[in-house]
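Student: Need the 3D shape of this:
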Amino acid sequence: MAIKKISVAGSEEPHKKRYVVVPGETIVSGEDYLPSDGTRRQGVDIVAARYGLAEEAGMVIRVISLTGAFVPRRGNQVIGRVSNITLNGWVIDIDWASNGFLPIDESPHFINKNEMDQFLAIGDMIVAKIMGITARGIDLGFDGPGLGKLEGGFAFKVSSNRTPRVIGREGSMINLIKENTKCDVAVGQNGWIWVYSENMDDMLKARKAVEMITEKPFVEGLTEKMEQWFQETK
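Tutor: Model (predicted):
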């Protein structure tokens, strides 16, 4: 596959914003551009530091990795399962080397420490935000819209590096899935996806859409292709 550069002012294809790049590949030239995740400056050039999709957001250039393991960061949204209950909160398996920990203070209402499983029991699933990373583990919280206990539906795993494609720019892809399947969908940056609907066929359709997106992250015009697929499968 030929490597394409991000378009700059005066180029013939100003609408193109994402391209596959390899480490060392020059993405764009110009001192006005700023390197971000997965890139570095080399003279006046912004160069890819990893394999993935180069993305231009204003004057900021980053590379969305398409390979590798999940690396937790403060502010990430993750989906996990309650694996243990302590006096101070819940231990959450987020499919990483260290567990997450959700303190009892994150409950929306008062909980008796002897009845903590009334709010979250072992095996329950949650979507939470990483509030901090320490030597003892990862601190989680429910500070944000859409965060909390996940009830009903089912969860499945995809490559964590493909989740930005599932979300899409400014949520375009995930909104497309929700609108066309009538499902509630939560995306964890640790690679777990949760879907819920009262209709099983709708949930299976949402899962199929997610899997199609994660299997073909390099395709240009992926949103348009998914729109066409939804039309054909109505």
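Student: Neighbours of the residue lying closest to L140 once chain neighbours are set aside, how many?
Tutor: Of all residues not flanking L140 in the chain, A128 sits nearest, at 4.1 Å (C-beta to C-beta, 6 or more residues apart in numbering). Bear in mind the C-beta positions are built from the backbone N, C-alpha and C, glycine included. By the criterion of other C-beta atoms under 10 Å, A128 has 27 neighbours.
Student: so where does A128 fall, helix or strand?
Tutor: strand 125-134 (DSSP states H and E).
Student: And stretch 193-200, end to end?
Tutor: 16 Å (C-alpha to C-alpha, to the nearest Å).
Student: going forward can the numbers begin at 602, since that is how I track them
Tutor: New numbering, starting at 602: the last item is stretch 794-801.
Student: average model confidence for that stretch?
Tutor: Mean pLDDT, stretch 794-801: 97.
Student: Can you tell me what sits against that stretch?
Tutor: Identification of contacts with stretch 794-801 by C-beta atoms under 8 Å, 6 or more residues apart in numbering yields 680, 726, 728, 751-759, 764, 767, 782-789, 804, 807-808, 811.
Student: repeat that with 7 Å
Tutor: Identification of contacts with stretch 794-801 by C-beta atoms under 7 Å, 6 or more residues apart in numbering yields 680, 726, 728, 751, 753-757, 759, 767, 782-788, 804, 807-808, 811.
Student: Keep only those of those residues that are in strands.
Tutor: 680, 726, 728, 751, 755-757, 785-788 (DSSP state E).
Student: picking that back up, who's the residue nearest to L741 bridged to?
Tutor: V679 (DSSP bridges).
Student: wait, is L777 part of a helix?
Tutor: Yes: when DSSP: H, G, I helix; E, B strand; the rest coil is applied, L777 is found to be in a helix.
Student: got the domain boundaries for this protein?
Tutor: Here the domain parsing of the chain from automatic domain parsing is 619-666, 678-751, 755-833.
Student: The residue nearest to K826 when sequence neighbours are not counted and M827: what is the separation?
Tutor: Leaving aside its sequence neighbours, K826 sits nearest to V820 (C-beta to C-beta, 6+ apart; 6.4 Å). Separation of V820 from M827 (C-beta to C-beta, to the nearest Å) stands at 10 Å.
Student: on that earlier part again, listing partners with orientation, what would you give for the helix or strand following the strand holding A729?
Tutor: The element immediately downstream of strand 726-735 (helix or strand, assigned by DSSP H and E) is strand 738-742. Partners of strand 738-742 in the sheet, by DSSP bridges, are strand 701-704 (parallel), strand 726-735 (antiparallel).
Student: Where does pLDDT dip in the chain?
Tutor: Counting by pLDDT under 70, the ranges of the chain that qualify are 602-618, 667-669, 818-819.
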